[in-house]
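Participant: sequence plus predicted model, see below.
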Amino acid sequence: MKFLKLLLIVFAGILFTHSAIAQSSSEIRSMMNERDKEIKVLVGPEGTTHTNEQKEKLKDIINGIIDYGAMAKIALESTFDTITNEQRTEFIELFGTIIRNQSLNKLDIYRASVEYNQIDVENNTAIVKTTATLDNIRTPVSYNMEKRNNTWYITDMAIDNVSTAESYRRSFQNVIRRRGFDALLESLRKRAAN
């Protein structure tokens, strides 16, 4: 009898976990689909011109679920823990500004159709694997996500298997090794101002 009770408890736990994962997976897919629709409406068909207000709204939607702090930590590697809180805050702000500004460089990519291939959820983290298709060219795009306060955030993304945070890490670490963190900050200030 005890064995049967234990088996039922384990089975109920598995069902609950599977149900929570399925719910999170569905929640992520729904959130990403909604975001994609909003972006596509604002981007419009090829040749559409955008007002500054529309561009700012696009930046907000595209970048609204990105956790720049998490990406900055990956990009700075061990340097992240050695800098002051003020430097860290400024770095995250500048890093976020640069990514936001770059997000509008190629608006055509937001016209791609997106297929959700796989959403793997484990506790409060997820990996979302998609394929974006534009002009018959298929590009794998994946997202690392983390759930905090009932909201999912992107902590990194990879296009064609190239991680955004790791790409920045290579260039940032190169500057830090050669000229120091202050030189990197100064360089980012200039980039963010353009």
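Facilitator: Perfect, I can see it now.
Participant: give me the element the residue nearest to Ser163 when sequence neighbours are not counted is part of.
Facilitator: Closest residue to Ser163 apart from its sequence neighbours, by Cβ to Cβ, 6 or more residues apart in numbering: Asp156 at 5.7 Å. Using the backbone N, CA and C atoms, a C-beta is placed for each residue, glycine as well. Using DSSP states H and E, the element containing Asp156 is strand 151-159.
Participant: still on that earlier bit, surely the residue nearest to Ser163 touches Ile74?
Facilitator: Yes. Using Cβ atoms under 8 Å as the test, Asp156 is close enough to Ile74 to be in contact (6.1 Å).
Participant: so Gln118 sits in a strand?
Facilitator: Yes. Membership of Gln118 in a strand is supported by DSSP: H, G, I helix; E, B strand; the rest coil.
Participant: quick check: bridge partners of it?
Facilitator: In this structure, Gln118 has beta-bridge partners Lys129, where bridges are defined by DSSP bridges.
Participant: for it, grab the count of nearby residues.
Facilitator: Neighbour count of Gln118, defined by other Cβ atoms under 10 Å: 10.
Participant: check Thr155 too.
Facilitator: Counted with other Cβ under 10 Å, the burial measure for Thr155 works out to 20 neighbours.
Participant: top strand in this structure by residue count?
Facilitator: Determined from DSSP state E, the single longest strand within the chain is strand 137-148.
Participant: so what are the sheet partners of that strand and their directions?
Facilitator: Note on strand 137-148: by DSSP bridges, its sheet partners are strand 125-134 (antiparallel), strand 151-159 (antiparallel).
Participant: adding distance to Lys106, write those out as CSV.
Facilitator: Rendered in CSV, the data for the strands paired with strand 137-148 read as follows (distance: least, Cβ to Cβ, whole Å):
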stretch, distance to Lys106
strand 125-134, 10
strand 151-159, 11
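Participant: same question for stretch 169-189, mean pLDDT?
Facilitator: The average of the pLDDT scores along stretch 169-189 is 94.
Participant: for the longest strand of the chain, buried residues please.
Facilitator: Of the residues in strand 137-148, those scored as buried under the neighbour-count criterion (16 or more other Cβ atoms under 10 Å) are Val141, Ser142, Tyr143, Asn144, Met145, Glu146, Lys147.
Participant: for Gln87, find the nearest of the strands paired with strand 137-148.
Facilitator: Across those, Gln87 has its closest neighbour in strand 151-159 (20.8 Å, Cβ to Cβ).
Participant: how about the strand or helix carrying Arg170: buried residues?
Facilitator: If you go by DSSP H and E, Arg170 is part of helix 164-179. Along helix 164-179, these residues count as buried under the neighbour rule (16+ other Cβ under 10 Å): Thr164, Ala165, Tyr168, Arg169, Phe172, Gln173, Val175, Ile176.
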